[in-house]
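Peer 1: Give me a 3D structure for the following:
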Amino acid sequence: VQLVESGGGLVQPGGSLRLSCAASGFTFSTYVMIWYRLAPGKERESVATIGSSGGVTYYADSVKGRFTISRDNAKNTLYLQMNTLKPADTAVYYCAGASSWLKRGRPDYWGQGTQVTVSS
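Peer 2: Residues are numbered from 1 along each chain as shown. Modelled structure (predicted):
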């Protein structure tokens, strides 16, 4: 099983980034997918979750209206479009897969993470 994130980097406040997560080794289309982030000195935060078919999404209040989670099951890829970025969004972003909605807090699979830094 592999989850490989990409698309992180340095961006100015107010800018945008699009993260991708390429999945392999499991049946991606049946898994709930989650984007987490971990910032220095803070607890891990679930920022966005999407159901297996893409029809259900959930966002943390801290990113609602600015971030959009999506998936392409034909390409086994998860995305996170991040707009109007703030310095508080600086973190390592991880994608994760859970076998059910109830297990989204304890995913079965994790990626290695990609750094997002928002700074002028």
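
Peer 1: where along the chain do the helices fall?
Peer 2: For the chain, none of the segments meets the definition of helices by DSSP state H.

Peer 1: residue nearest the centroid of it?
Peer 2: Centrality entry for the chain: nearest residue to the mean C-alpha point is residue 35, 2.4 Å, by Cα atoms, centre = their mean.

Peer 1: what about the closest residue to residue 2 other than its chain neighbours, how many neighbours?
Peer 2: With sequence-adjacent residues excluded and distances taken as Cβ to Cβ, 6 or more residues apart in numbering, residue 2 is closest to residue 24, at 4.8 Å. Just so you know, the C-beta spots here come from the backbone N, C-alpha and C atoms, and that holds for glycine as well. Summarising burial for residue 24: neighbours were counted as other Cβ atoms under 10 Å, giving 10.

Peer 1: Residue 91 versus residue 17, what's the distance?
Peer 2: Distance from residue 17 to residue 91, counting by Cβ to Cβ, to the nearest Å: 12 Å.

Peer 1: what's the overlap in contacts for these two?
Peer 2: Any residue near both residue 17 and residue 91 by Cβ atoms under 8 Å, 6 or more residues apart in numbering counts here, and that gives residue 116.

Peer 1: In this protein, what residue spans correspond to strands?
Peer 2: Counting by DSSP state E, the chain has these strands, from start to end: 2-6, 9-11, 17-24, 32-38, 45-50, 57-59, 67-72, 77-82, 91-98, 109-110, 114-118.

Peer 1: Turn these into TSV, columns for mean pLDDT.
Peer 2: Shown next, in TSV, are these (pLDDT from 0 to 100):
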stretch	mean pLDDT
strand 2-6	97
strand 9-11	98
strand 17-24	98
strand 32-38	98
strand 45-50	97
strand 57-59	97
strand 67-72	98
strand 77-82	98
strand 91-98	98
strand 109-110	98
strand 114-118	98
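
Peer 1: Which residues are in contact with residue 115?
Peer 2: With contacts taken as Cβ under 8 Å, 6+ apart, residue 115 has the following neighbours: 8-9, 91-93.

Peer 1: Ok, residue 113 next?
Peer 2: Contacts for residue 113 (Cβ under 8 Å, 6+ apart) come out as 5, 38, 92-94.
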